[in-house]
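*Asks:* Build the 3D model from these lines:
(2 chains)
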Amino acid sequence: MSITTPNTPRSDLMTFTLPLTALLAAMFGFVGGNMIGHPWYGALIGAVIGAAVAFIVENNLSRRTAVRWGLIGAFAVAGFVFGNLGTAISGAIVGAVLGWAGYWLATGKYRAGVPVYYTAGQTLWHNAFLLICGFIFFFLIAPLFPVMWLSFNAQDFFTFTPEMLNFQAEGYSLKHYRDFLGTDEWMVPLKNSLIIAPIATVISVSLGTLAAVGLSQSHVPGRRAMMAILISPMIVPLIISATGMFFFYAPLGNWLEATLGLSQTFVGFVKVILAHAVLGIPFVIITVTATLVGFDNSLTRAAASMGSAPLPTFFKVQMPLIMPGVISGALFAFITSFDEVVVVLFVGSAQQQTLPWQMFTGLREQISPTILAAATVLVVMSILLLTTVELLRRRSERLRGLSPA
Amino acid sequence: MLAADGTPLKASLGRALRRQKIRALALIAPLLLFVLLTFVVPIVSMLFRSVENQIVSGTLPGTVVALESWDAESGNIPSEDVFQNLFFDMFNAAEAKEHTKLGTRLNYENTGLASMFRTSGRSLDDVGEVFQDAIEDVDDQFEDGAFWFAMMNGAGGEDLLRERRERWVDLTGDDMRGDVGFVPSAEIVELLPTTAAAYTDWAIWTVIEDEEVVAEEDPWEAVYAALVVDLENPATGTAIAAYEGEGAQALQAIAAAEMPKADFTAAFADLDEDWVKTDVWTTIEVYSSAYTTGYFLNSVDRELTPDGVDLRPDNERLYIKLFGRTMWMSMIITLSCIILGYPVAWLLANLPMKSANVLMILVLLPFWTSLLVRTSAWKVLLQQQGVINELLVWLGFVDDANRLILMNNSTGTIIAMTHILLPFMILPLYSVMKTINPTYLRAAKSLGATNVTAFRRVYFPQSVPGIGAGSILVFILAIGYYITPEIVGGTDGVFISNRIAYHISRSLNWGLAAALGTILLVLVLALYWVYDQIVGIDNVKLG
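*Replies:* Residues are numbered from 1 along each chain as shown, chains lettered A, B, ... in the order given. Below you'll find the predicted structure:
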């Protein structure tokens, strides 16, 4: 979109590449020096090394890959000499960043994203902006990694052990995964979650899809008010929903047990499932109505004109087309139930303990890093779910002939 | 104009439209009913709890009526009549084990009442036993349940039976239905009103709850106490002399004998000296009405006193501060989300579709990841031995002895919740920014605007609806948050929701929890309404 020149002018070594690379390296030097208590010496040495890197880069512009790997190797070795495997890896990262920055500056690639008429200040702002965005993305995604890393801890701590940081094999183990998969303490909650979430999803999806189809028809009286009521479980703070349901389901459950003679466990599951089904409904309504907005009503009319009854029309014409919306609504409803703690804490009893409940008590009482193993499993699961939703969204757009992303 | 079947077109169209409406409503009805029944009704009934206060008048019905004539301003304790009623009310309540609930309820308003009610309820039998022994010493027929039954049973006292049964219903909440096999005799009701009432109470309890037969059981101590109370009335003495019904001789013997004096004021003062202090009675009087604003006043750090509404003592003021903190922290979180979300949304909206989709995954992954996973991630990062502190110590920026306290305070809550709610800001912002035509910005620049001016005057105003939508969404979600503050918030970083949960599951002050919840709900619904006006609930998009 923006106008770029076919060949960007080369940057000047002495006035541009060298000072900037030196500055960057000085910052690394400052941090590194700070570790041993001499930040300013570190900065000075860093600046010198940075200047050297700039020279090397300038004179080896064509041998980019080799130089960058060389820098990574050299810094890693230097790190290893002064410390251990941890510092070696930090060194490798510093080397990689320096090498990349050196070429980025020297070859003028830093202007690749901006129009040719941009001033130096504007280019600086553009790159600073990208850097800021990079930090924000880092903030979004990075917190998940220590959890996954720590889940392989050989100790029962929530913190990194020196062995882990030095990448020694004895610092790592799969014991938390064995605990997770091998004990009732975690498997029963997982099983409960896998009972509650799918049933709650089926209820919210079947009722929600019907209602969304109804809501999307023209001339529905009181549409706005009904929509507001149906969306409200998403808006009302969970603690309030949970409190209300607690007061409502406790006598209802007692009544069911007393008059129908149902077992306490069964009634408990019914209560939690109904409560979760309500919480999932707004998501189904939102996703399915969104799909129905783009639905071409002449298709159902065409089916009707050819003599199809309303029910077959719905299942054979409308349903396949809104299916992506229904499935992504179902996934939302599933994850809502699967991830829900507050309501199940108030409505359920010990027999309905779910995975998030177990994690919540574990976190509050600091039991064991098995929680982290559970968390890692959940992250993997959410990646799978996200992929499914993403694929469905694309399929839906393709089906409806919207932008072919 | 006529339709094909000969009816007027207007009528035919109207019918078709009506049929369509009914079909649409029939599709919506099951879900609407489901949500109304299992969601809206429970919440409304919970809100009702915030003003409900039947417990005082239900547990101490006679006392509350007698207390009406007492003047709290006078500085005197209530009359003997009030203590007498208190004895019989408390006796029943103690049998039904309801007196501790009342004690707990009143303890919210006046600390110490819980233990006072508990210990007093335990010793009421001893108070009544004095009278029982005295009566049985005079005539041992009174030890016999059958004798009592023969004396008290009859006809014409159905009104009393119904009235006492209703009291039990109010007290216990059970329905107390069933045949008692006993009706107070009208003659006895007139002759010995207190005894008849106490005996009826006992009879109902014995049959319905204990499932025994009235004639085979001995009455409880309160009945003997009631008899002594009746006999102290001089008019009763003469009436008994003229009485000729069942047990007349025995009654006359008791009336003639010397009985211990029925001084319930002194009896209660013996049980706990606080009973003869006016502030206890002030509390009972203030909370004796069936509906109270007390919980709501408590939620805003005020209390009911005989002189009207007053501020609570300094050390008990908690909720205004907590509401203020909840709002303030939610605002900070919303603001941080805007600051962090705006650049990212801008980048996503302006990158080519292909790279934007890849970066979008980085936003959606945390969105899809379990809330507890993200909260535990922050716990791992923020704790004193956590990743951030370890890294800073390793790099030498923070002294090992003075590690940063990032968790169990408001900092922890703000950082973790900003991270958790950030996708809810980015997604609406992105969908609004996607619709802003990039040529406007270029046009502004080509007309000589600087980058800053072009952004400020052209781009930013168009993105404001996105900021509004995202802010309200984040704010609504933030003020109701429970899990994250509970885990990383410590004591300084908790929200009003945590207090509500505390009152529901620990302190069991459900009325206060309901009142706090109502205030929170009103706040959220007001914001929801604003959101509906600005964005429209139909336009909420997910993912």
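*Asks:* pLDDT score assigned to the closest residue to chain A within chain B?
*Replies:* When scored by C-beta to the nearest C-beta, chain B has B:G480 as its residue closest to chain A, at 2.3 Å. Any C-beta I mention is one placed from the backbone N, CA and C, and that applies to glycine too. pLDDT for B:G480: 88.
*Asks:* how many neighbours does the residue nearest to it when sequence neighbours are not counted have?
*Replies:* Closest residue to B:G480 apart from its sequence neighbours, by C-beta to C-beta, 6 or more residues apart in numbering or on different chains: A:P237 at 2.3 Å. Around A:P237 there are 25 other residues, counting by other C-beta atoms under 10 Å in any protein chain shown.
*Asks:* Show the backbone phi and psi for B:P184.
*Replies:* Main-chain torsions, B:P184, degrees, to the nearest 10: phi -60, psi 140.
*Asks:* Contacts only, for it.
*Replies:* Shown in contact with B:P184 (C-beta atoms under 8 Å, 6 or more residues apart in numbering or on different chains): B:M152, B:N153, B:G154, B:G156, B:G157, B:L160, B:L161, B:A196, B:Y199, B:T200.
*Asks:* again, 6 Å this time
*Replies:* The contact partners of B:P184, by C-beta atoms under 6 Å, 6 or more residues apart in numbering or on different chains, come to B:M152, B:G157, B:L160, B:A196, B:T200.
*Asks:* Just put these in JSON lines and tack on pLDDT and distance to B:L523.
*Replies:* Formatted as JSON lines, the contacts of B:P184 follow (pLDDT from 0 to 100; distance: C-beta to C-beta, whole Å):
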{"residue": "B:M152", "pLDDT": "84", "distance to B:L523": "57"}
{"residue": "B:G157", "pLDDT": "82", "distance to B:L523": "54"}
{"residue": "B:L160", "pLDDT": "86", "distance to B:L523": "50"}
{"residue": "B:A196", "pLDDT": "87", "distance to B:L523": "53"}
{"residue": "B:T200", "pLDDT": "89", "distance to B:L523": "49"}
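*Asks:* hmm, which two among those are most spread apart?
*Replies:* Pairwise distances across these (C-beta to C-beta) peak at 10.7 Å, for the pair B:M152 and B:L160.
*Asks:* for the stretch 301-405 of chain A, which spans come out with low pLDDT?
*Replies:* A:366-367, A:400-405 (pLDDT under 70).
*Asks:* Number of residues surrounding B:G103?
*Replies:* For B:G103, the count of nearby residues is 21 (other C-beta under 10 Å).
*Asks:* Can you say which helix or strand has it in it?
*Replies:* Taking DSSP states H and E as the definition, one finds B:G103 inside helix B:99-107.
*Asks:* thinking again about what came up before, just checking, the residue of chain B closest to chain A touches A:I240?
*Replies:* No: B:G480 is beyond contact range of A:I240, at 7.0 Å (criterion: C-beta atoms under 6 Å).
*Asks:* which residue sits closest to B:T265 in space, ignoring its chain neighbours?
*Replies:* Closest to B:T265 by C-beta to C-beta, 6+ apart is B:F83, at 4.6 Å.
*Asks:* For the helix or strand hosting that neighbour, enumerate the helices and strands it packs against.
*Replies:* According to DSSP H and E, B:F83 maps onto helix B:80-95. Judged by 3 or more C-beta pairs under 6 Å, 6 or more residues apart in numbering or on different chains; DSSP states H and E, helix B:80-95 is in contact with helix B:61-67, helix B:113-138, helix B:264-271.
*Asks:* now the host helix or strand of B:V522 against helix B:99-107, angle please.
*Replies:* Element membership for B:V522, per DSSP H and E: helix B:510-534. Interaxial angle, helix B:510-534 versus helix B:99-107 (axes from the mean of the first three to the mean of the last three C-alpha atoms, to 10 degrees): 60 degrees.
*Asks:* May I see the buried residues of helix B:510-534?
*Replies:* Across helix B:510-534, burial judged by 16 or more other C-beta atoms under 10 Å in any protein chain shown covers B:510-521, B:523-524, B:527-528, B:531-532.
*Asks:* Got the phi and psi for residue 272?
*Replies:* Assuming you mean chain A. phi -60, psi -40.
*Asks:* Wait, chain B was what I had in mind.
*Replies:* According to degrees, to the nearest 10, B:D272 has phi -160, psi 120.
*Asks:* so who does it touch?
*Replies:* Counting by C-beta under 6 Å, 6+ apart, B:D272 touches B:M116, B:S120.
*Asks:* Equivalent analysis for B:T194, please.
*Replies:* B:T194 touches B:A226, B:V229, B:D230, counting by C-beta under 6 Å, 6+ apart.
*Asks:* In a markdown table, list these along with distance to B:I135.
*Replies:* A markdown table is the format used below for the contacts of B:T194 (distance: C-beta to C-beta, whole Å):
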| residue | distance to B:I135 |
| --- | --- |
| B:A226 | 11 |
| B:V229 | 12 |
| B:D230 | 12 |
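*Asks:* doesn't A:P356 make contact with A:N192?
*Replies:* No: using C-beta under 6 Å, A:N192 is not in contact with A:P356; the gap is 10.5 Å.
*Asks:* Which one of those two is surrounded by more residues?
*Replies:* The neighbour comparison of A:N192 against A:P356 (other C-beta under 10 Å) goes to A:P356, with 25 against 22.
*Asks:* Look up which helix or strand the more buried one falls in, please.
*Replies:* Using DSSP H and E, A:P356 sits in helix A:355-365.
*Asks:* quick one, what contacts the residue nearest to B:T265?
*Replies:* By C-beta under 6 Å, 6+ apart, the neighbours of B:F83 are B:F264, B:T265, B:F268.
*Asks:* Which of B:M152 and B:L160 has more residues huddled nearby?
*Replies:* With neighbours defined as other C-beta under 10 Å, B:M152 and B:L160 compare such that B:M152 has more, 27 against 19.
*Asks:* The more buried one and B:T200 touch, don't they?
*Replies:* No: counting by C-beta under 6 Å, B:M152 does not reach B:T200; the two are 8.1 Å apart.
*Asks:* Quick check: residues of the stretch 351-500 of chain B near chain A?
*Replies:* B:353, B:362, B:364, B:366, B:368-373, B:376-377, B:380-381, B:385, B:387, B:395-396, B:480, B:482-483, B:487, B:497, B:500 (C-beta under 6 Å from any C-beta of the partner chain).
*Asks:* buried subset of these?
*Replies:* For those, a burial check counting by 16+ other C-beta under 10 Å picks out B:362, B:364, B:366, B:368-373, B:376-377, B:380-381, B:387, B:396, B:480, B:482-483, B:487, B:497, B:500.
*Asks:* Looking at those residues, which are in helices?
*Replies:* B:362, B:364, B:366, B:368, B:371-373, B:376-377, B:380-381, B:387, B:483, B:487, B:497, B:500 (DSSP state H).
*Asks:* what is the mean pLDDT for stretch A:20-35?
*Replies:* 89.
*Asks:* isn't A:G325 right up against A:V288?
*Replies:* Yes: when contacts are counted by C-beta under 6 Å, A:G325 is listed as touching A:V288 (4.8 Å).
*Asks:* State the pLDDT value of the residue in the stretch 201-350 of chain A that chain B sits nearest to.
*Replies:* At 2.3 Å from chain B, A:P237 is the closest residue in the stretch 201-350 of chain A, using C-beta to the nearest C-beta. pLDDT recorded at A:P237 is 91.
*Asks:* which SS class is the residue of chain A most remote from its centre?
*Replies:* Centroid-distance maximum for chain A: A:G307 at 47.6 Å, with C-alpha atoms, centre = their mean. Secondary structure for A:G307, judged by DSSP: H, G, I helix; E, B strand; the rest coil, is coil.
*Asks:* For it, give me its contacts.
*Replies:* A:G307 neighbours (C-beta under 6 Å, 6+ apart): none.
*Asks:* And the pLDDT for the residue nearest to B:T265?
*Replies:* 88.
*Asks:* Equivalent analysis for B:H419, please.
*Replies:* If you check B:H419, the pLDDT there is 95.
*Asks:* so which strand or helix has it?
*Replies:* Assigned by DSSP H and E, B:H419 falls in helix B:410-433.
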